[in-house]
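In: Below: sequence and its predicted model.
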Amino acid sequence: MQLMSLFPEWILTHGSASLVVVPLMLAVLTALNPSAKIAWATVLAVTALCVFTSLGLLLQVISHGPIHYNMGGWQPPLGIGYYVDSLNAPILLLISVVAFLCTIYALPSVAAEVEPKKKGPFYAAFLISFAGLLGMVITADAFNVFVFLEVSSISTYVLVGMGASRDRRALTSSFNYLIMGSIGATFFVIGIGFLYMQTGTLNMMDIARVLQDIGPNDRVVQLAFAFIVIGLGLKLAMFPLHMWLPGAYAYAPSFFTAFLAATATKAALYLLLRFTFTVFDPSWDFVATALMILLAGLGILGMLASSLQAIFQNDLRRVLAYSSVAQVGYMLLGIGMATTLGLTAGYLHMINHAMMKGALFIAAGAFWYRFGITQVSDMRGLGKTMPWTMAGFTTAGIALIGVPGTAGFVSKLTLVRAAAENGWWWAIGVIVVTSILAIIYIGRIIEQAYFHPVPEINGKPVARNEAPYTMLIPLWIMALASVAFGINAEWTTSLAEAAAHVLDAGPNTVIPGAHDVMPVVPTVTGGH
Amino acid sequence: MSPHVILRVVSKLLIPLIALFALYVQFHGDFGPGGGFQAGVIFASSIILYALIFGLDEAKRAVPPSWVRIGMTLGVLIYGGTGVATWMLGGEFLNYTYFAPQSTHAAGQHWGIFAVELGVLCTVTSAMVAIFYAFGSRAPELTDEDW
């Protein structure tokens, strides 16, 4: 309770809107700003403010329950409502924290990778992408979700393409992502259109309310569900729809890859949860079938296929990218079980994976920054030439494998428990097999770095050249977080359980604060 | 004597009228069809017509690309700034009622919409012109002989 008094009243009432508005407005100012240093400082300040705000919102949600905010004073379902509950508050905090840590890392990384003239616009595009992700997660209006999805996606295509000054392949990757991402967004909006056609409303709670009256046997509703799941599936890199991801992760500027890998798929996954469990009804036949066959089934396939693919990649960031697809498979498997424990496991893995993958991609960027290394086979002797960076990489890598005492272990164990509870013994087998595959693809990198001699240039071994502190600090915060969440998983597990309870409760049909339709006229104090 | 005298004379007459019509669509948006987006597109089309008839370089002299960039951001700032102003007045983001809380005919809503639509006009005009400049400024593709 004392912690709550740190947050001004204004943050708690208007914070949900300011999370989107402040980054968006400052992005605009940053776009005009010619100085890269000032642009960076702006981004750092904005992300720090968002960490503060989203922490305040999370604490408020934990102590007082859901927060709702009516944009423009118009009551939902007529107006756009922002809604923060235990399901999205942790994701908001996660996105803000990752953005803040990545911004610290951006100072040296962006200086080295992005053309000098484009740095101001680069930071502006990042803020827009950040605002879009937060908006996607916070809004309770289905069409507003689509708008923010596009806001974040379009800026993401630009940012991926800006990797072109380092590697021209960024341009084709960005174009590939643009095509796939647009198809995904289009499918999503077609789904929303069908829902609107049947329900006549766009507010998520109101849609859920009307859907309960319509029932599960409506063809259009089923069609809408299919379009939404496929559209979001493209965005969250569900296994056969993940083709955009490896290229985008491998060639984007490394600062943005770290941010993207840790947050973008999570925001889309959150939307999938929100729609499947609280807008549609998971007890309906077609939803339950989709969960079990489509999400869990494709999750399993993705875990196996992508882990295998990760082993045969030589580009370090492609290894990590394929591993990301596999990790999304873990989350989908947990969600597909549709039990409290399964949902907890999926949600927990979302938080933990963000920390681990963020650290791994930051380290991968640092290897490039110092030695221009992108290939696994070039990583010989990095354990000696960049000991601290490599140690951070190894820590996060071990957590990714799921060694006991790390965050990866906690979420995988929860997933195994959930599978056992469901009697899905084959799923446990797959989890174990893919963990072994993870040992191979992470172990291969660690072996190169520690068990091979330092390469020689002109007969002399390469000198030690550690990454700058601005890279090491965010790297180690994330690496240590992925260990800390393993040793003491109480906080993260309680967040995940709270989220799972929201999902368990089924469709959320109560529209918060919907009494009047007109904007509330403030009461006039004092006569006139 | 330039080869397109008739086109040039007619468009010189039309361009101010198009711009004027854009402003009509803008300010009539409260009561009829129209508003910031449509007005912005019409306004931009007057600039684009100028560029088509008199050439891109002339257009860029009349409406410099740096202005276009500032215009795009200015519009967003006007829109968002309206919301920030309502925050300052103690209301929700973009709750225009707070501009004139005592009004009995929702004057605050009128003022708020007016400001927001002005922002939309600014951004849409600039974005349209920016897209045209971007496509128009592309170097023509090389022919085989030029290699």
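Out: Yep, it's here.
In: Give me the nearest residue to residue A:61, chain neighbours excluded.
Out: What sits nearest to residue A:61 in space, not counting adjacent residues and going by Cβ to Cβ, 6 or more residues apart in numbering or on different chains, is residue A:89, at 4.5 Å. (Glycine included, C-beta is placed from N, CA and C.)
In: OK, contacts around that neighbour?
Out: A:54, A:57, A:58, A:61, A:62 (Cβ atoms under 8 Å, 6 or more residues apart in numbering or on different chains).
In: Residue A:207 contacts residue A:142, doesn't it?
Out: Yes: with contact defined as Cβ atoms under 8 Å, residue A:207 reaches residue A:142; the gap is 6.4 Å.
In: Which neighbours do these two have in common?
Out: Joint contacts of residue A:207 and residue A:142 (Cβ under 8 Å, 6+ apart) are A:195, A:279.
In: would you list every one of the strands in chain A?
Out: A:67-70, A:81-84, A:456-457, A:460-461 (DSSP state E).
In: I'd like the ones you listed written out as TSV, with mean neighbour count, mean pLDDT and distance to residue A:110 added.
Out: As requested, these are arranged in TSV below (neighbours: other Cβ atoms under 10 Å in any protein chain shown; pLDDT from 0 to 100; distance: least, Cβ to Cβ, whole Å):
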stretch	mean neighbour count	mean pLDDT	distance to residue A:110
strand A:67-70	21	90	33
strand A:81-84	24	92	31
strand A:456-457	10	82	28
strand A:460-461	10	82	31
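In: contacting residues around residue A:270?
Out: Residue A:270 neighbours (Cβ under 8 Å, 6+ apart): A:87, A:88, A:91, A:136, A:137, A:350.
In: Name the nearest residue to residue A:76, ignoring sequence neighbours.
Out: Nearest one to residue A:76, counting by Cβ to Cβ, 6+ apart, is residue A:203 at 4.6 Å.
In: closest point of the stretch 1-150 of chain A to chain B, which residue?
Out: Relative to chain B, the nearest point of the stretch 1-150 of chain A is residue A:73 (3.4 Å; Cβ to the nearest Cβ).
In: okay but that residue is in contact with residue B:99, surely?
Out: No: the criterion here is Cβ under 8 Å, and residue A:73 misses it with residue B:99 at 11.7 Å.
In: Give me the subset of the contacts of residue A:89 lying in helices.
Out: Residues of the contacts of residue A:89 located in helices (DSSP state H): A:54, A:57, A:58, A:61, A:62.
In: wait, isn't residue A:176 in contact with residue A:244?
Out: Yes: Residue A:176 is in contact with residue A:244 according to Cβ under 8 Å; the separation is 5.4 Å.
In: Of those two, which one has the most company?
Out: Remark: of residue A:176 and residue A:244, residue A:244 carries more neighbours, 23 against 18, as counted by other Cβ atoms under 10 Å in any protein chain shown.
In: Thought residue A:177 was touching the more buried one, still the case?
Out: Yes: counting by Cβ under 8 Å, residue A:244 does reach residue A:177; the two are 4.3 Å apart.
In: For the stretch 351-500 of chain A, which segments count as helices?
Out: Per DSSP state H, counting those that start in this stretch, the stretch 351-500 of chain A carries helices over the ranges A:382-385, A:387-401, A:407-422, A:425-450, A:469-487, A:490-504.
In: Ok, which of those helices comes nearest chain B?
Out: That would be helix A:490-504 among those, by Cβ to the nearest Cβ, at 24.6 Å.
In: What distance do you get for the spatially most central residue of chain B to chain A?
Out: What sits nearest the mean C-alpha location of chain B, by Cα atoms, centre = their mean, is residue B:125, with 2.3 Å. Distance, residue B:125 to chain A, by Cβ to the nearest Cβ, to the nearest Å: 16 Å.
In: So for residue 23, what's the nearest residue that isn't a sequence neighbour?
Out: Picking chain A for this. residue A:131 (3.8 Å).
In: nope, chain B
Out: In space, residue B:23 is closest to residue B:39, 7.0 Å off (Cβ to Cβ, 6+ apart).
In: For that neighbour, grab the count of nearby residues.
Out: 26.
In: wouldn't it be in contact with residue B:25 here?
Out: Yes: the pair residue B:39 / residue B:25 is scored as a contact, 4.3 Å apart, by Cβ under 8 Å.
In: any idea how far the one residue sitting closest to the centre of chain A is from chain B?
Out: Most central in chain A under Cα atoms, centre = their mean is residue A:263, positioned 2.2 Å from the mean C-alpha point. Going from residue A:263 to chain B by Cβ to the nearest Cβ gives 23 Å.
In: out of the contacts of residue A:89, which are buried?
Out: Using 16 or more other Cβ atoms under 10 Å in any protein chain shown as the burial test, the contacts of residue A:89 include A:54, A:57, A:58, A:61 as buried.
In: For stretch A:108-126, buried residues please.
Out: By neighbour count on 16+ other Cβ under 10 Å, the buried set for stretch A:108-126 is A:108-110, A:113-114, A:119-126.
In: first to last residue in it, what's the distance?
Out: 16 Å (Cα to Cα, to the nearest Å).
In: quick revisit: in what helix or strand does the residue nearest to the centre of chain B lie?
Out: Assigned by DSSP states H and E, residue B:125 belongs to helix B:107-136.
In: what is the rounded mean pLDDT of that helix?
Out: Helix B:107-136 carries an average pLDDT of 92.
In: Output the contacting helices and strands for that helix.
Out: helix B:5-28, helix B:36-54, helix B:56-62, helix B:65-88 (3 or more Cβ pairs under 8 Å, 6 or more residues apart in numbering or on different chains; DSSP states H and E).
In: Would you mind finding the most buried of those?
Out: Most buried of these, by mean neighbour count (mean count of other Cβ atoms under 10 Å in any protein chain shown): helix B:36-54, with a mean of 20.
In: Just send the buried ones among the contacts of residue A:89 back as CSV, with pLDDT too.
Out: As requested, the buried ones among the contacts of residue A:89 are arranged in CSV below (pLDDT from 0 to 100):
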residue, pLDDT
A:54, 93
A:57, 93
A:58, 93
A:61, 92
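In: Name the nearest residue to the residue of chain B found nearest chain A, ignoring sequence neighbours.
Out: Proximity of chain B to chain A (Cβ to the nearest Cβ) peaks at residue B:95, 3.4 Å away. Distances taken as Cβ to Cβ, 6+ apart place residue A:73 nearest to residue B:95, at 3.4 Å, with adjacent residues excluded.
In: Residue A:186 too?
Out: In space, residue A:186 is closest to residue A:231, 7.2 Å off (Cβ to Cβ, 6+ apart).
In: what's the pLDDT at that neighbour?
Out: Value for residue A:231, per-residue pLDDT: 95.
In: Spit out the contact partners of it.
Out: A:184, A:185, A:186, A:187, A:188, A:189, A:190, A:191.
In: Likewise for residue A:13?
Out: Each residue near residue A:13 by Cβ under 8 Å, 6+ apart is listed here: residue A:69.
In: From residue A:53, how far out is it?
Out: 11 Å (Cβ to Cβ, to the nearest Å).
In: same check, this time on residue A:114
Out: Taking Cβ to Cβ, one finds residue A:114 at 28 Å from residue A:53.
In: these two touch, right, residue A:442 and residue A:396?
Out: No: judged on Cβ under 8 Å, residue A:442 makes no contact with residue A:396 at a distance of 9.2 Å.
In: So for the two, which sits in the more crowded spot?
Out: residue A:396 (30 against 24).
In: Alongside chain A, which residues does chain B contribute?
Out: Proximity of chain B to chain A, by Cβ under 8 Å from any Cβ of the partner chain, involves residues B:69-70, B:73, B:76-77, B:80-81, B:83-84, B:87, B:90-98, B:101-102, B:109.
In: where does the stretch 401-528 of chain A dip in pLDDT?
Out: A:513-528 (pLDDT under 70).
In: With the flanking residues excluded, which residue is spatially nearest to residue A:465?
Out: Per Cβ to Cβ, 6+ apart, closest to residue A:465 is residue A:370, 5.0 Å.
In: neighbours around the one you found, how many?
Out: Residues near residue A:370, counting by other Cβ under 10 Å: 19.
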